[in-house]
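Asker: Structure for the following, please:
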Amino acid sequence: MNKIANLIKIKFIPNPYSGSDGDKILYKTGDLAYYNINGDLVYLQRKDFMINIHGYRVEPTEVENAINSIKGVKESVVAGFNVSKLTRIDNDTRICAGIVTDNNEIEVLKIRKELL
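Answerer: Model prediction:
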């Protein structure tokens, strides 16, 4: 089985909540939610660490790996921050990275250039 077919098999599963006339297949989104007493679905959060930046799904660990591959970088941590209150733009999320280097000589512009 190829990689895509295997991913489809993992993401599309038989719907355990389906009645006789309901949808037979359920898509696993990666979101955590529950049904409340009224039967409403209440969204909690994502199961993974993906963040949505201007409509693009970004995995912070992938950005960390890219930063860590740059010569002179020992380790990094990446997180998304909602800055809507500052920019007055709805759902305005930005990436912020903390970086530990081998020495203090590495420049932010060099890191940005390497990531492009």
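
Asker: Surely Thr61 is in a strand?
Answerer: No. Per DSSP: H, G, I helix; E, B strand; the rest coil, Thr61 lies outside any strand segment and is helix.

Asker: How about the backbone phi and psi for the residue nearest the centre of the chain?
Answerer: Central residue of the chain (CA atoms, centre = their mean): Met50, 0.8 Å from the mean position. Main-chain torsions, Met50, degrees, to the nearest 10: phi -60, psi 140.

Asker: how is the protein carved up into domains?
Answerer: The record's domain parsing of the chain by automatic domain parsing lists 3-46, 51-115.

Asker: Tell me which of the ones you listed is the most buried.
Answerer: domain 51-115 (a mean of 13; mean count of other CB atoms under 10 Å). Bear in mind the C-beta positions are built from the backbone N, C-alpha and C, glycine included.

Asker: What are the boundaries of the strands in the chain?
Answerer: 12-14, 25-27, 31-35, 41-46, 51-53, 56-58, 73-82, 93-101 (DSSP state E).

Asker: Looking at these, spot the one closest to Glu114.
Answerer: With CB to CB as the criterion, Glu114 lies closest to strand 73-82 of the strands of the chain, at 9.2 Å.
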